[in-house]
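Chemist: need coordinates for the following:
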Amino acid sequence: MLAAQLRLASEACHEMVFACLRARGFGDLRQSHYDLFRFPGPQGRTPSEIAAHVGLSKQALNPLLNELEAMRYIKRVMNPSDGRSRTVTLTRRGLRLVAAIKNALDELEQAAEAEIGSKRYAIMLDAAARVRDVARRQI
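Modeler: The predicted structure is shown next:
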């Protein structure tokens, strides 16, 4: 039940952030686009790095990057350290999206802390980190 509760909480948090983004003018994003912006995000990374981070093949990622580029969230530029590859750079619109994501997450954290109290909130964060560590040791 632990993994299910954590997954359900995570899904609810992502749904809330995604709803905030739609309300703030980013209604053209799909969930598959939003997933590419999860921490640490695409800024300065190669498509191969992004694909590995989100668990997609490079072939599956490219259409999403094409769409984000057409919607003016990102642009792909030549990698300064390796002229054979490209690096993803956030546009001004992409930077506004990242700021909106951060603001929505901040609002969520403030609401959660207000709901359960500062002490219990801190305990919850610590417990979640410990669960993550336990799970990683089991691998």
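Chemist: residues contacting residue 79?
Modeler: Residues near residue 79 by CB atoms under 8 Å, 6 or more residues apart in numbering: 46, 85, 86, 87. No exception for glycine: its C-beta is placed from N, CA and C like everyone else's.
Chemist: longest strand of this structure?
Modeler: In the chain, taking DSSP state E as the definition, the longest strand is strand 82-90.
Chemist: so which of the contacts of residue 79 wins on neighbours?
Modeler: residue 87 (19 neighbours; other CB atoms under 10 Å).
Chemist: roughly how far does it sit from residue 104?
Modeler: Using CB to CB, to the nearest Å, residue 87 is found at 26 Å from residue 104.
Chemist: what are the buried residues along the biggest helix by length in the chain?
Modeler: Counting by DSSP state H, the longest helix found in the chain is helix 92-116. Going by neighbour count (16 or more other CB atoms under 10 Å), the buried part of helix 92-116 is 94, 97, 98, 100, 101, 104, 108, 113.
Chemist: show me what contacts the second one?
Modeler: Under the criterion of CB under 8 Å, 6+ apart, the contact list for residue 97 reads 21, 26, 29, 37, 73, 90.
Chemist: just the pLDDT at the last one, thanks.
Modeler: Turning to residue 90, the model gives it a pLDDT of 97.
Chemist: for it, which non-adjacent residue is spatially closest?
Modeler: Once flanking residues are discounted, residue 90 sits nearest to residue 43: 5.1 Å by CB to CB, 6 or more residues apart in numbering.
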